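Asker: structure for this input, please:
(chains A and B)
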2 protein chains.
Amino acid sequence: MNPSTSALLTDLYELTMAQAYLEEEMDKLAVFEFFVRKLPAHRNFLLAAGLEQVLDYLSELRVTQEELAWLDQSKQFRPRLLHYLETLRFTGDVEAMPEGTTFFPHEPILRIVAPLPQAQLVESRVMNLLSFQTMVASKAARSVLVSGGKPLIDFGLRRAHGAEAGLLAARASYLAGFAGTATVLAGMAYGVPLYGTMAHSFVLAHQDETLAFEHFAKIHPDNAILLIDTYNTEAAADKVVALAQRLHTTGITFKGVRLDSGDLADHARNVRQILDGGGLSEVEILASGNLDEYRLRDLVQTGAPIDSFAVGTAMATSSDAPSLDCAYKLQEYAGRPCRKRSEGKATWPGRKQVYRSYTDSGYLAHDIITTDDDQQSGQPLLQPVMKKGRRLVVSPPLAEVRRQAAAQLGRLPPSLRTLETVPAYDVRISQALQSLAQTVDRSL
Amino acid sequence: MNPSTSALLTDLYELTMAQAYLEEEMDKLAVFEFFVRKLPAHRNFLLAAGLEQVLDYLSELRVTQEELAWLDQSKQFRPRLLHYLETLRFTGDVEAMPEGTTFFPHEPILRIVAPLPQAQLVESRVMNLLSFQTMVASKAARSVLVSGGKPLIDFGLRRAHGAEAGLLAARASYLAGFAGTATVLAGMAYGVPLYGTMAHSFVLAHQDETLAFEHFAKIHPDNAILLIDTYNTEAAADKVVALAQRLHTTGITFKGVRLDSGDLADHARNVRQILDGGGLSEVEILASGNLDEYRLRDLVQTGAPIDSFAVGTAMATSSDAPSLDCAYKLQEYAGRPCRKRSEGKATWPGRKQVYRSYTDSGYLAHDIITTDDDQQSGQPLLQPVMKKGRRLVVSPPLAEVRRQAAAQLGRLPPSLRTLETVPAYDVRISQALQSLAQTVDRSL
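Answerer: Residues are numbered from 1 along each chain as shown, chains lettered A, B, ... in the order given. Got it, this is the predicted structure:
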């Protein structure tokens, strides 16, 4: 069983509602849109990610014979639903903002137009995929923006929420500008560059720290990064210098050392001095250990001589905002626009488009959310990506998406790129959309 | 590619270290233990979960031909490692606390004893599996303890961190005492009972709210739970009453109504009155919408007439503490105990056992962490579960684990069962373990 591809990775009510739709022959076109209701605290923007996995999911949507048999024996479902699921394929259209696009609350980043039972069934997984990667990419982008160009590496797998979270956090953080990841499978699956050092266990398994360093470097003669905080950081740096001198004639060089505890800035200064004094000015310092965008900013601003950073738990779990207040809402059924009006959760009805305008210097000026048939000035952000269940374009390589994301982040107004909470970016609701909402409300 | 079962769902350094161990012929027995360094804020205990998936992972550990081919073409690994991975099987021993055991910081809940390269390679995924489910089960248990016996249902899939997180959050929360989940695949994979209602989209897709209720109830004549907050909660409750009277002769009954927005206690009182006044005192009220243990406690304490609760995002992401400060540390290699002494992260060396003592009333009194060969009074919590790569016992059904977890939660001292932060539970380090640590430190 592969949870990542199972059509039963959905909420029970998607099946019970589909069952009711089928019995009532309500299978006309439904329009659902995915959007974020409001920014998490301390966020000034979001970075769209996860579309690629959504398109994979929709393309490959099938209910297996094993799943059908299980549904059947559960006695909870009618034959008509089971028959429908047996030949289920996604046949709808999708429009979306490309991955790596910056966006803001209430702006749809994905629209699905499909027969109602289909569009309903995919709700849970579409939300699951888009919200996680968007959340992680948005958090990772904050780190990228304050790291002064120093490489950041994802070390988050061990505390990510399960297998797919670890894998997709590597993808989303690379997309947002990280240099790479330690997660091997993300290298194989997505071509994300791999980085690694050594663990404390490697040092502990050797009775002697210098011996551990020597063994590791001999096996990895040009790219060893030695972890030097197992016992005493500065003492270990001295050992590195002595070892380098002893290995001088062998051609073995160290790529770097890693600091993982204590005051990282202090240790970095001490270790830099020891390394430089020992003729190892080429040896880089990598820092890790409970880093997030705030600690990164502080370390970079104080000029700590750290060359690269590994960021794990805080990024891969989006620790200060581990979920997005997002929704996948029915906006139109059988040509009739609709919206829910639940307290505090009302939504804008109908098919929508987002137009983005820029300042003369190329920065984002404002966005307008409007109805799909209302033309506004600016750049329309939602583009067709799937038609009748088939992808319209071959997705660009992830490295290209990463370049586009960097360009997008570069066009954010400078105030939005800081870690300060600043006044919200200007997102306008068009007259056409406001009128549509009034019309819909009057029809109730 | 199934990330949940891939041996490459690991950190690059596990492979580079394994490579170095193999070249040095360091393949003697290594002892690693998994433990939590400290409780997250606002937690008084943890509930162990995830062992079952760890044992599955260890039992099925293989590197596929496709993975080997990818590793080979990456040119980052030596032939000796590739050859080793080709026939890799886990052949070690595992001792662990059973799932559903309450535990505290520094207490190992899992020990792996295996040849060093094997025990090292599995680090990332073992941590990933144990930390996530333990974190979720611990959070879910807090909700269970304050819900006054009212059923709780997991609605977290859509905002869980990916596929496996959604699936395992359903498992972990059921283990901790939830009544069930909306996630269909968790029903198929783990036998977790399934619950579901309807979405706003179902109401919106019908031009008329009453018609939506009627259609849904006709297809689900004895278990429909109607969502009544799409437009106006109390008005919808009136419609439910009128509809019930109209359907009176058809045999169709409603199981319940769901509230999902606004002041849930207020709405529940109003709706209860409307339903009771309309002769629907059997119709239950289910509440959902950004619930966590604090809101549950308040709703239960104020006596809001709510019969069951759906808990989603906060539980499935452990939103106030989305990671555990946990570690998987080498405690012994080739018979030599060891420990790291990094600042603020020193660990206790050697193979350990945890003994638990109880008060006369059956509540937990204190735990003692000691060396594996030191006998203490009390109940030893770590038990052998795998020998030479084979499971020793057939795992109990999840429903049985859930009963054991309930018994464990029932033995927590009452102060630890509240949401207040209370003085830490008494966990002692034995003289034997303290002596071992001193001996290890002197040997450095």
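Asker: which residues of the stretch 1-150 of chain A lie near chain B?
Answerer: By CB under 8 Å from any CB of the partner chain, the part of the stretch 1-150 of chain A that sits against chain B consists of A:1-4, A:6, A:8-17, A:19-21, A:23-24, A:26, A:30, A:32, A:67, A:70, A:74, A:76, A:78, A:116, A:120, A:123-125, A:127-129, A:131-132. (C-beta placed from N, C-alpha, C; glycine too.)
Asker: restricted to strands, list these.
Answerer: A:30, A:32 (DSSP state E).
Asker: for the one helix or strand residue A:434 maps to, the averaged confidence score.
Answerer: Element membership for residue A:434, per DSSP states H and E: helix A:431-442. The average pLDDT within helix A:431-442 is 94.
Asker: and what of stretch A:221-237?
Answerer: For stretch A:221-237, the mean pLDDT works out to 95.
Asker: counting by contacts, list what the helix holding residue A:434 packs against.
Answerer: With contacts defined as 3 or more CB pairs under 8 Å, 6 or more residues apart in numbering or on different chains; DSSP states H and E, helix A:431-442 has these neighbours: strand A:336-337, strand A:364-371.
Asker: could these go into CSV alongside mean neighbour count, distance to chain B and mean pLDDT?
Answerer: Listed next are the helices and strands packed on helix A:431-442 as CSV, based on neighbours: other CB atoms under 10 Å in any protein chain shown; distance: least, CB to the nearest CB, whole Å; pLDDT from 0 to 100:
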stretch, mean neighbour count, distance to chain B, mean pLDDT
strand A:336-337, 17, 7, 95
strand A:364-371, 20, 17, 98
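Asker: bridging residues for residue A:286?
Answerer: Under DSSP bridges, the beta-bridge partners of residue A:286 are residue A:258, residue A:308.
Asker: how about it, what does it touch?
Answerer: Contacts here follow CB atoms under 8 Å, 6 or more residues apart in numbering or on different chains; on that basis residue A:286 touches A:153, A:197, A:225, A:256, A:257, A:258, A:259, A:306, A:307, A:308, A:309, A:310.
Asker: how many residues are close by the residue lying closest to residue A:158 once chain neighbours are set aside?
Answerer: Nearest residue to residue A:158 in three dimensions, chain neighbours excluded: residue B:127, at 4.0 Å (CB to CB, 6 or more residues apart in numbering or on different chains). Counted with other CB atoms under 10 Å in any protein chain shown, residues neighbouring residue B:127 total 23.
Asker: tell me the contacts of residue B:127?
Answerer: Contacts of residue B:127 by CB under 8 Å, 6+ apart are A:158, A:159, B:34, B:326, B:327, B:328.
Asker: try 10 Å this time
Answerer: Taking CB atoms under 10 Å, 6 or more residues apart in numbering or on different chains, we find residue B:127 in contact with A:157-160, B:11, B:34, B:50, B:54, B:110, B:324, B:326-328.
Asker: list only buried entries from those.
Answerer: By neighbour count, with 16 or more other CB atoms under 10 Å in any protein chain shown, those hold A:157-160, B:11, B:34, B:50, B:54, B:110, B:324, B:326-328 as buried.
Asker: now, which of those lie within strands?
Answerer: Taking DSSP E as the definition of strands, those contribute B:34, B:110, B:326, B:327, B:328.
Asker: now those residues as CSV including distance to chain A and pLDDT?
Answerer: Formatted as CSV, those follow (distance: CB to the nearest CB, whole Å; pLDDT from 0 to 100):
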residue, distance to chain A, pLDDT
B:34, 11, 98
B:110, 14, 98
B:326, 8, 97
B:327, 9, 96
B:328, 8, 97
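Asker: output the one helix or strand residue A:299 maps to as CSV, nothing but the C-alphas.
Answerer: Assigned by DSSP H and E, residue A:299 belongs to helix A:293-301. The C-alpha coordinates for helix A:293-301 follow below in CSV (Å, rounded to 0.1, in the frame of the first residue of the first chain):
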residue,chain,number,x,y,z
GLU,A,293,15.1,32.3,9.9
TYR,A,294,15.5,34.5,13.0
ARG,A,295,18.7,32.7,14.2
LEU,A,296,20.0,32.8,10.6
ARG,A,297,19.4,36.5,10.3
ASP,A,298,21.2,37.2,13.6
LEU,A,299,24.2,35.0,12.8
VAL,A,300,24.5,36.6,9.3
GLN,A,301,24.1,40.1,10.7
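Asker: following the longest helix anywhere in chain A, which helix or strand shows up next?
Answerer: Ranked by residue count under DSSP state H, the longest helix found in chain A is helix A:123-146. As assigned by DSSP H and E, the chain's next helix or strand after helix A:123-146 is strand A:152-154.
Asker: what about that next one, average pLDDT?
Answerer: Mean pLDDT, strand A:152-154: 98.
Asker: helices and strands around it, which ones?
Answerer: For strand A:152-154, the elements it packs on are helix A:123-146, helix A:163-175, strand A:180-181, strand A:308-311, helix A:313-316, judged by 3 or more CB pairs under 10 Å, 6 or more residues apart in numbering or on different chains; DSSP states H and E.
Asker: one step back: quick one: closest of the helices and strands packed on helix A:431-442 to residue A:280.
Answerer: strand A:364-371 (44.5 Å; CB to CB).
Asker: ok now the helix or strand that the closest one is followed by, how far from the chain's centre?
Answerer: Per DSSP H and E, the first helix or strand lying C-terminal to strand A:364-371 is strand A:379-380. Offset of strand A:379-380 from its chain centre (CA atoms, centre = their mean, to the nearest Å): 23 Å.
Asker: can you tell me the closest non-neighbouring residue to the one residue sitting closest to the centre of chain A?
Answerer: Geometric centre of chain A, nearest residue: residue A:133, 2.7 Å, by CA atoms, centre = their mean. Sequence neighbours aside, residue A:50 is the residue nearest to residue A:133 in space, at 3.4 Å (criterion: CB to CB, 6+ apart).
Asker: state the distance from the one you found to residue A:397.
Answerer: Here the criterion is CB to CB, to the nearest Å. By it, residue A:50 lies 17 Å from residue A:397.
Asker: what of residue A:114?
Answerer: Distance, residue A:114 to residue A:397, using CB to CB: 28 Å.
Asker: who's more crowded, those two?
Answerer: The neighbour comparison of residue A:114 against residue A:397 (other CB under 10 Å) goes to residue A:114, with 24 against 11.
Asker: double-check the residue nearest to residue A:133 against residue A:98; I have them as touching.
Answerer: No. With contacts counted by CB atoms under 10 Å, residue A:50 stays clear of residue A:98, the gap being 11.7 Å.
Asker: pull up the overlap in contacts between those two.
Answerer: Common neighbours of residue A:50 and residue A:98 (CB under 10 Å, 6+ apart) are residue A:109.
Asker: ok, back up a step: what is the nearest of the buried ones among the contacts of residue B:127 to residue B:89?
Answerer: Of all those, residue B:89 sits closest to residue B:54, with 15.7 Å by CB to CB.
Asker: what distance do you get for that closest one to chain A?
Answerer: In this view, residue B:54 and chain A are 13 Å apart by CB to the nearest CB, to the nearest Å.
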